[in-house]
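In: I would like the atomic coordinates for the input below:
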Amino acid sequence: MSARIVAVRRENGAGEELIWAALERLVHIRFCFDADSAEFAAADAFVVRSVAELSGVPLGKPYLVVPSGDASLAVQHSQQLCVEFADEPVIDARLRGRRLSHNPFPTGAPLPLESHDLLLASAGDRPAWVRRRRGETWGDIVSSPLPSLGPDERAFDYLNGGHFMQLLPLLHFLREVAGGTDWRPPELRACMMFDDPNLHWSSYGFLPFAGIVELAKRANFHVACATVPLDSWYAHGPTASLLRDHPGQLSLLIHGNDHLRGELGLEYSEDEAQRLLAQALRRIEGLEKRSGVRVSRVMAPPHGACRPAMLRSMSRLGYTGACISPWSLRDWAPGREWPPSFGLEPAEVMDEHFAVAPRFKMYEGCEGWVVISAFLNRPIIPVGHHDTLSAGLDLLTMIAEKVNSLGKVAWGDLESVFAGSAMTRQDGSQLHLRPYSSAFQLTIPPGASSLVLAKPSNGGAAKWTVSSVTSGKIENPDGEEFPVNARDQITGHLLNRGSVSATSVPPPKRAIWAPVRRVLCEGRDRMKPMLR
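Out: Coordinates of the predicted model:
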């Protein structure tokens with residue numbers, strides 16, 4: 001089914017161009033900006049800049065009024081606001097009835113309510129988003145102008161857990177317009193993460209492993225500990241047994257190699273990067289043999305520092321993915337040209353289709369990050385250190401309640417989070433698949449007889465091996481249509497993933513200071529509860 005056409009009266013500026021480009025990637029719609037064209041007049045929906053412009057919108061067509069970004073109309077709030085979404089069926093269920101903190105933003109001119117308006121959201125004590133009937137159809141009016149993106153900004157800077165009202169109503173409107181033609185998102189996925197813990201004892205600082213397992217069973221959540229490969233020399237028997245027996249509640253992933261500051265953010269040659277990352281894998285394999293505990297092949301770089309060259313080496317060595325906040329990812333890649341939809345898709349697709357899942361800081365007021373991550377169909381990954389729980393484990397219960405209130409949530413380790421990162425869209429007998437991981441598996445829905453792999457947002461090519469019962473194995477079907485049968489099981493993985501064996505890569509130069517630093521850091525972490 002062809003994309004719905006949305007006519008837009010846009011304002012000048014490269015920043016706004018990036019917003020429209022990002023939204024076309026997120027939603028199966030197409031924008032028309034030529035006000036004199038026949039396509040503009042016959043569009044399925046309209047975005048205008050004032051209520052007065054509605055006279056040019058045909059009756060019966062949905063519309064959104066976004067005020068002009070004229071600075072003279074903008075009222076800049078100097079303190080954090082609270083945005084309250086109405087408990088109305090027309091609002092996305094993930095937003096309905098929520099009360100979320102919001103960073104300061106320009107609210108624009110006051111938005112007066114008419115007698116039959118439906119208030120959808122308010123910011124502070126002011127209406128911020130209303131739905132208004134016009135003839136036989138509906139339209140939305142918002143108080144906030146679109147953001148003016150700076151040279152290094154992208155739309156995600158204004159659509160995230162701390163700042164969202166300048167773009168959220170627009171995305172919500174476009175999804176309603178697209179309706180059944182839109183991409184089908186992955187299921188909600190979640191995992192709470194802690195950096196640094198190892199298996200040397202039954203606890204790590206303020207993290208009691210057995211207590212977390214018991215609480216996770218009752219409150220329904222999963223915790224993944226990013227463990228340092230340098231610490232893999234020993235595993236406490238009862239702790240290893242606890243992880244083996246409770247993979248649904250507690251898991252491990254990889255946290256750098258030696259855990260030196262900015263370890264994966266340094267400038268390495270390709271050979272040096274492979275040596276470091278291969279040693280991390282060999283150390284983790286040794287931990288698995290000694291403990292019997294499976295470790296997710298997902299990298300959480302120490303301090304969020306990671307250059308794109310490291311991610312390419314991870315892909316070639318067979319890592320499943322990495323977990324980094326979009327801000328850290330951008331900060332450690334100066335000069336890189338990011339796609340318009342960066343920070344808004346289920347994962348960032350980097351060079352060679354290596355996927356990076358987002359994460360955000362775990363704290364008592366992080367509900368906005370939980371909800372907006374879910375609204376954007378991104379995995380929900382709050383991250384902290386052991387002392388994030390210095391006041392007790394109630395924070396885990398509180399966050400789990402917020403996440404589980406969103407609906408059905410698949411809690412699991414980081415590999416399962418990546419495995420579920422794919423979007424599909426059925427167009428007649430064609431099933432379009434957009435994977436956000438190095439591997440995927442799906443069941444072909446009824447009515448589909450062919451599969452098409454969509455290209456990643458970064459514009460790069462991805463070479464895949466795809467297998468099915470009916471078609472056998474096909475290499476590199478990127479953008480190509482190939483036959484499938486309804487209810488057939490399809491699996492696929494990147495062709496070049498794991499092309500380099502970790503056992504064949506020599507070790508890096510020994511970092512003499514690394515073991516000493518690690519012992520001191522671990523000793524500090526374990527002493528904190530005693531000192532408290």
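In: residues touching Val130, list them.
Out: For Val130, the contacting residues are Leu111, Leu113, Asp117, Leu118, Leu119, Leu120, Asp140, Ile141, by CB atoms under 8 Å, 6 or more residues apart in numbering. For every residue, glycine as well, the C-beta is placed using N, CA and C.
In: I meant Pro62, not that one.
Out: Asp44, Ala45, Phe46, Thr137, Trp138, Gly139, Phe173, Glu176, Val177.
In: any idea how far Trp129 is from it?
Out: 15 Å (CB to CB, to the nearest Å).
In: Please apply the same query to Pro186.
Out: 27 Å.
In: Same question for Leu276.
Out: The span separating Leu276 from Trp129 equals 49 Å under the rule CB to CB.
In: Just list the residues touching Tyr234, thanks.
Out: Leu199, His200, Arg290.
In: Ala410: which of these is nearest?
Out: Ala410 lies nearest to Leu199 out of the contacts of Tyr234, by CB to CB, at 25.6 Å.
In: Just give the closest residue to that closest one, not the sequence neighbours.
Out: Ala235 (4.2 Å; CB to CB, 6 or more residues apart in numbering).
In: do the same with Ala219
Out: Ala400 (4.5 Å).
In: Quick check: phi and psi at the closest residue in space to Met350 that isn't next to it in sequence.
Out: Once flanking residues are discounted, Met350 sits nearest to Leu311: 5.0 Å by CB to CB, 6+ apart. The phi and psi values for Leu311, taken as degrees, to the nearest 10, are phi -70, psi -40.
In: Give me the local confidence score for Leu311.
Out: The model reports Leu311 with a pLDDT of 95.
In: Ok, Asp34 next?
Out: At Asp34, pLDDT is 89.
In: where's it relative to Val66, distance?
Out: Where Val66 is concerned, Asp34 sits at a distance of 19 Å (CB to CB).
In: more crowded one of those two?
Out: Val66 (26 against 10; other CB atoms under 10 Å).
In: Correct me if wrong: that one contacts Ser143.
Out: No - using CB atoms under 8 Å, Val66 is not in contact with Ser143; the gap is 9.5 Å.
In: need the contact list for Ile381.
Out: Counted by CB under 8 Å, 6+ apart, Ile381 has contacts Ala190, Cys191, Met192, Met193, Cys323, Ala357, Pro358, Arg359, Phe360, Ser373, Leu414, Val417.
In: Find the residue closest to it in space, skipping its chain neighbours.
Out: Arg359 (4.1 Å).
In: got the contact list for the one you found?
Out: Met193, Ala300, Cys323, Ile324, Ser325, Ile381, Pro382, Val383.
In: Identify each buried residue in the helix ranked longest in the chain, please.
Out: Ranked by number of residues, the top helix in the chain under DSSP state H is helix 270-291. Buried positions in helix 270-291, judged by neighbour count with 16 or more other CB atoms under 10 Å: 273-281, 283-284, 287, 291.
In: Whichever helix or strand comes after it: how far from the chain's middle?
Out: As assigned by DSSP states H and E, the chain's next helix or strand after helix 270-291 is strand 295-299. From the chain centre to the centre of strand 295-299 is a distance of 17 Å (CA atoms, centre = their mean, to the nearest Å).
In: who does strand 295-299 pair up with?
Out: The strands beside strand 295-299 in its sheet (DSSP bridges) come out as strand 250-254 (parallel), strand 321-323 (parallel).
In: That one to helix 270-291, inter-axis angle?
Out: Interaxial angle, strand 295-299 versus helix 270-291 (axes from the mean of the first three to the mean of the last three CA atoms, to 10 degrees): 160 degrees.
In: List the contacts of strand 295-299.
Out: Here strand 295-299 has contacts from 224, 227, 251-256, 264, 277, 280-281, 284, 287-288, 306, 314, 318-323, 357, 413-415, 418, using CB under 8 Å, 6+ apart.
In: now it: mean pLDDT?
Out: 98.
In: what do you get for stretch 130-143?
Out: The average pLDDT within stretch 130-143 is 91.
In: So which residues of the stretch 51-200 of the chain form helices?
Out: 168-178 (DSSP state H, counting those that start in this stretch).
In: Could I get the full set of strands for it?
Out: Ranges of strands in the stretch 51-200 of the chain, per DSSP state E, counting those that start in this stretch, are 63-65, 81-85, 99-102, 118-123, 126-134, 137-142, 188-190, 192-195.
In: Who are the packing partners of the fourth one?
Out: When contacts are defined as 3 or more CB pairs under 8 Å, 6 or more residues apart in numbering; DSSP states H and E, strand 118-123 sits against strand 81-85, strand 126-134.
In: Could you dump those strands into CSV with distance to Arg30 added?
Out: Below are the helices and strands packed on strand 118-123 laid out as CSV (distance: least, CB to CB, whole Å):
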stretch, distance to Arg30
strand 81-85, 28
strand 126-134, 23
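In: Mind checking the ones you listed for the one nearest to Gly205?
Out: Of those, nearest to Gly205 by CB to CB is strand 81-85, at 33.4 Å.
In: now the angle from that closest one to strand 126-134?
Out: 30 degrees.
In: Where in this protein is the helix or strand with the lowest mean pLDDT?
Out: The weakest-scoring helix or strand in the chain, judged by mean pLDDT, DSSP states H and E, is strand 472-475 (a mean of 76).
In: so after it, what's the next helix or strand?
Out: With DSSP H and E, the next secondary element past strand 472-475 is strand 481-483.
In: on that earlier part again, buried subset of the contacts of Pro62 as a ChimeraX selection?
Out: Restricted to buried positions by 16+ other CB under 10 Å, the ChimeraX selection for the contacts of Pro62 reads:
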select :44,45,46,139,173,176,177
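In: Is it possible to get JSON lines of the contacts of Pro62 that adds distance to Leu494?
Out: Listed next are the contacts of Pro62 as JSON lines, based on distance: CB to CB, whole Å:
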{"residue": "Asp44", "distance to Leu494": "37"}
{"residue": "Ala45", "distance to Leu494": "37"}
{"residue": "Phe46", "distance to Leu494": "41"}
{"residue": "Thr137", "distance to Leu494": "45"}
{"residue": "Trp138", "distance to Leu494": "44"}
{"residue": "Gly139", "distance to Leu494": "44"}
{"residue": "Phe173", "distance to Leu494": "35"}
{"residue": "Glu176", "distance to Leu494": "35"}
{"residue": "Val177", "distance to Leu494": "34"}
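In: now, among the contacts of Pro62, which is nearest to Ser405?
Out: Among the contacts of Pro62, Glu176 lies closest to Ser405 (CB to CB), at 22.7 Å.
In: residues touching the residue nearest the centre of the chain, list them.
Out: Nearest to the geometric centre of the chain sits Arg378, at 3.4 Å (CA atoms, centre = their mean). By CB under 8 Å, 6+ apart, the contact set of Arg378 is Leu344, Glu345, Pro346, Ala347, Ala357, Pro358.
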